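S.K.: sequence and predicted structure below; questions after.
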Amino acid sequence: MNHRIFGAFSQVSYVVRDLDAASEHWARVMNVGPFFVIDHVEYEEFLYGGEPSAVDMAVAMAYNGDLQIELVQQHNDAPSLFRDFLERHGEGLIHLGGTTDDLARDLALLREKGVEPLQQGLASDGTRFAYLSTDFHPGAMMELVETNPRLERAFEAMRRAAREWDGEVAIAFRR
């Protein structure tokens, strides 16, 4: 049987200039929320083009059904896909995301097909991720995130919050 590397797409991610304004838009216009915000994501390792980069960024995540909407705002000018996308295309869809139970295995399978990570790393909470050069047009890049029980519990709590959301607040949690 052929191993499906990406599985079901579970995330769409947008680069934005103003995370709060984008969260408000999604909540008020698109009726998606509430958003969970991390103002300064911490990394143990962050590589862009194979080189270390000191990215300072914020993310906001909410669910529409089982689809996670992620908004990304980079606070500094450190080299990253987010900075480059914003400079080239402006705000917009940067990637689709999916999870894997073995990132190293899937990266090895992708390398056999000539697909290399453009950006990858390890978040301070132990989550491994890789952004892959699969885009043939803006927004078609892929991100793979290695799942674990802690991450699955967090995502399920966000899905539950979305199901129970009364539309009152755009941002339910900020760290």
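M.R.: Thanks, I have it.

S.K.: F129: what's it in contact with?
M.R.: F129 sits next to 103, 120-123, 143-146 when contact means Cβ atoms under 8 Å, 6 or more residues apart in numbering. C-beta: built from backbone N, CA, C; applies to glycine.

S.K.: and it, helix, strand or coil?
M.R.: strand (DSSP: H, G, I helix; E, B strand; the rest coil).

S.K.: same deal with H40?
M.R.: Assignment for H40 (three-state DSSP): coil.

S.K.: from the contacts of F129, pick the one nearest D20.
M.R.: Using Cβ to Cβ, A123 comes nearest to D20 of those, at 22.1 Å.

S.K.: taking the contacts of F129, please make a PyMOL selection of just the buried ones.
M.R.: Burial among the contacts of F129 is assessed by 16 or more other Cβ atoms under 10 Å; the matching PyMOL selection reads:
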select buried, resi 103+120+121+123+143+144+145+146
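
S.K.: in helices only, show me the contacts of F129.
M.R.: Mapping the contacts of F129 onto helices (DSSP state H) picks out L103.

S.K.: export the contacts of F129 to a markdown table and tack on pLDDT and distance to G33?
M.R.: Below are the contacts of F129 laid out as a markdown table (pLDDT from 0 to 100; distance: Cβ to Cβ, whole Å):
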| residue | pLDDT | distance to G33 |
| --- | --- | --- |
| L103 | 95 | 29 |
| Q120 | 97 | 30 |
| G121 | 97 | 28 |
| L122 | 96 | 29 |
| A123 | 95 | 23 |
| E143 | 94 | 22 |
| L144 | 94 | 26 |
| V145 | 95 | 22 |
| E146 | 94 | 27 |
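
S.K.: closest to V16 out of the contacts of F129?
M.R.: Distances from V16 to those, taken as Cβ to Cβ, are shortest for E143 (16.3 Å).

S.K.: for the closest one, which residues make a bridge with it?
M.R.: Judged by DSSP bridges, the bridge partners of E143 are G97, Y131.

S.K.: where along this protein do the helices fall?
M.R.: 19-28, 81-89, 103-112, 149-164.

S.K.: what's the mean pLDDT across the first one?
M.R.: Per-region confidence: helix 19-28 scores 97 on mean pLDDT.
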